[in-house]
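Novice: coords please:
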Amino acid sequence: MSPYGASAKSKKRKLMRNELSLAPLGLPVAVPLDGSNILYDTPASTSPIKRRLDIAELETKKMLLPYLEKIEYVNEQLRARGIGIAMPFTTQGSAISPTKNQEADDLVVESLSSRSEKEEPTPPQHIPVVSNVACTSITFETLHQRYHRFCSTITTKKPFRRRPLGWLLRFMEEVYDDYYQKYITTQRVASFPLFVRSYLDHCLGLVSLADQDALDLLFNVELNRDNFPSIALFAAFLREIEDEEGVLFYAHCRAVIQATFGLSLKSNEKLLADAASRKFHSPGAIVLANHPLINDGTQSVHLSKEAVGLAFSCAANLTGPRKHLADYVARYSMNYQQAVTVDSRGGPEMTQELVSMDEVLARFLQLLRAVPEDIVLKYKYDDDGESFTLLTRLSDTIQRDVEINSSKVALAERVRSLRSLEIECMKLERSPDNSRPDIRTQIFLLKGQIASEARAVSSLQDQLNHTEGHVNAVWSSVLSDAAKAPKVRLSPLDNILARVVDYVATLHHDTQLEKKIKKALDLAAKKRGTSSIKTWSTQLDALQERCAIKIQRYFRQRRAWRRQRDVAKADLISRRQQHQKRKAEKELERKRLEALRERDAERHRNRMKEKNRRDEDLQNKIKAKEQAVLKKAALAESERRCAKANKELVRRVWSRWQRYVVVCRRTKLGKRMALMYRFRQWRECISETNAVNGAATMIQAGES
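Specialist: Model (predicted):
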């Protein structure tokens, strides 16, 4: 929706949006920068006699108040980030002596400078050694003063540790990559200091380790930011001197350059081994060289003019007729240096214009920061630049309402006066003695007054209609803007890219217009120069002058041809010598490389022989161990089988013995039972015999 709907609501909405985009402050109330006392109104304080303000003053104050609040809020944010702080950092319940506090360093932000300023390229220089005094001068209070948002997440104070420079650069590249990936996933712009803290917590897991790494990060950034522009820019991101939009645009340009040219900026080699995108670019688009300030094998990336144009075109999604904007940025926005490069694939030497990738990213960020306020309002707040004009017109409608009311009152009075004059004239005309001269004179004068009042009423009516029409036109324009269909809201990154592209298009248009004007002025100057020759004598003098100049030029050329020939021969000989020298150097270099390759191949063969011998010995040892293990396993298996056979034999013999014992017992029982049966038969036979003998005896005794 357009911001023209309601002035107060639109200003309040913008103010709330700006406050939400910045961080809330938790600073104690301090003395202002000018040293004056701040008086706060309390219920007990005596208030002076207040004067009633009119409508115009109220409207002016209502329009100025949000902007004053915004300015004060921005000042508080800058004070919180260590910029222009006049009071020392104090913790609650304790005070730090002024001698331990340091003044905030001067703010130098390259991205806020004008595009027309020429920046001198920094020559390669050695890394200065940081003294112990500089290390000890960095305290936690100083870091808290400069990195307020980031240090507020640190819960413990630990001693600082000096980390290698490679660790710091690799950590910065990893943070940039992860920040951009998080935006791609969530489509939300996060606060950079809080994201770095969450990244440390996610990587380390423990709060104590994350606190230690956070302190080490700030300490090493403070030590090295004066010598490395990339570290200084990272410090600006951490201090929130550059806002989240700058971080997002910087990370987006990095990611696009990496994806376009197959780079891995967090590694020392800076190149991906299997990047298929590099084969689509011309040789020399990406040039790698040893870093001038780091001697651990770290490479620095340099881009050619075509590569810079391609990078900006891919980063800003320039397609179709807008691709010429990328060429404009590559041609007019970079400071190139002449360099001789050698293709790694064996190609010829090339002399081309190069610029470092850090400078390219810094210039892209500078383009974002140089975007004018009207373009920012157009894309960020949906403002086409007429908000203040419309607010002024709306404030004028209040005065117009007062004029309308006063005009209506004056018109009503004039109408009543006109009606009274008409009634009086009608009475005189209807009177019976209206033919009298004095009555006719009064009627004539009344008709003149009636005509004058009618003209006044008509003038007031026209003025009232004009004023009401103006007010209605203003409010109809407001309502028509409010009734328009809302525009499609762009994502934060698309909004930033649209701003940058619009600004670059404006610069390109201004450059083309300047060229056209300059060409027109040159043509006009030539016409003025040719039109000054009018007479025949003047033309003859000019012709004689041109002929004399041409004769002198021919004479000098004829006299200097031998000198030019000698110079050309000497130049040719020197070029041939240089060519032969380069050819000999290349031949020597080729032989040296062949010797090095042969030596490396011989060393490789020796290493392979030694490796094969070690492998054979290892295989023999392994085979002997396997044989011993197999023999031991076979012996154990034979012993197990023998024990099993013996156990089976004992079991079988025991079962046979048990069966034998059972058979013996049964045989013995059978014999016993047979003997008992025979004994029982014998006893029966004996008892029967004894009975028979007794009976016989008794029979014999009876007979006797």
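
Novice: I'd like to know how many residues surround the closest residue to residue 263 other than its chain neighbours.
Specialist: Leaving aside its chain neighbours, residue 263 sits nearest to residue 270 (5.6 Å; criterion: C-beta to C-beta, 6 or more residues apart in numbering). For the C-beta atoms, the positions are set from N, CA and C on the backbone; glycine is no exception. By other C-beta atoms under 10 Å, the residues close to residue 270 number 21.

Novice: got a list of what residue 312 touches?
Specialist: Contacts here follow C-beta atoms under 8 Å, 6 or more residues apart in numbering; on that basis residue 312 touches 318, 325, 326, 329, 330, 364.

Novice: Look up the closest residue to the last one, ignoring the ones flanking it.
Specialist: Beyond its immediate neighbours in the sequence, the residue positioned closest to residue 364 (C-beta to C-beta, 6+ apart) is residue 253, lying 5.1 Å away.

Novice: chain center to the longest helix belonging to the chain, what's the gap?
Specialist: When the chain is parsed with DSSP state H, its longest helix is helix 561-703. Centroid separation for helix 561-703 versus its chain: 64 Å, with C-alpha atoms, centre = their mean, to the nearest Å.

Novice: could we number from 17 for the rest of this?
Specialist: From this message on, residue numbering opens at 17, which makes the last subject helix 577-719.

Novice: Mind giving me the packing neighbours of it?
Specialist: For helix 577-719, the packing partners by 3 or more C-beta pairs under 8 Å, 6 or more residues apart in numbering; DSSP states H and E come out as none at all, with no helix or strand in contact.

Novice: Next one, pLDDT for the residue nearest to residue 279 please.
Specialist: At residue 286, the model reports a pLDDT of 80.

Novice: give the contact list for it.
Specialist: Taking C-beta under 8 Å, 6+ apart, we find residue 286 in contact with 279, 280, 304, 315, 316, 317.

Novice: where's the most centrally placed residue in the chain, which helix or strand?
Specialist: The chain has residue 264 as the residue nearest its centroid, 2.2 Å off, counting by C-alpha atoms, centre = their mean. Here residue 264 sits within helix 260-277, counting by DSSP states H and E.

Novice: So which bits of that helix are buried?
Specialist: Of all the residues in helix 260-277, those buried under the rule 16 or more other C-beta atoms under 10 Å are 260-274, 276-277.

Novice: so how far is it from its chain's centroid?
Specialist: Taking C-alpha atoms, centre = their mean, the mean C-alpha location of helix 260-277 is offset from the chain mean by 6 Å.

Novice: Next: stretch 316-325.
Specialist: Chain-centre distance of stretch 316-325: 21 Å, with C-alpha atoms, centre = their mean.

Novice: what about that stretch, start to end distance?
Specialist: 19 Å (C-alpha to C-alpha, to the nearest Å).

Novice: which parts of the helix or strand in which residue 532 is found are buried?
Specialist: Assigned by DSSP H and E, residue 532 belongs to helix 508-547. Across helix 508-547, burial judged by 16+ other C-beta under 10 Å covers 508-509, 512-521, 523-524.

Novice: and that helix, what's its mean pLDDT?
Specialist: In the prediction, helix 508-547 has an average pLDDT of 84.

Novice: Which secondary structure elements does that helix sit against?
Specialist: Counting by 3+ C-beta pairs under 8 Å, 6+ apart, the packing neighbours recorded for helix 508-547 are helix 260-277, helix 321-332, helix 340-348, helix 373-385, helix 389-396.
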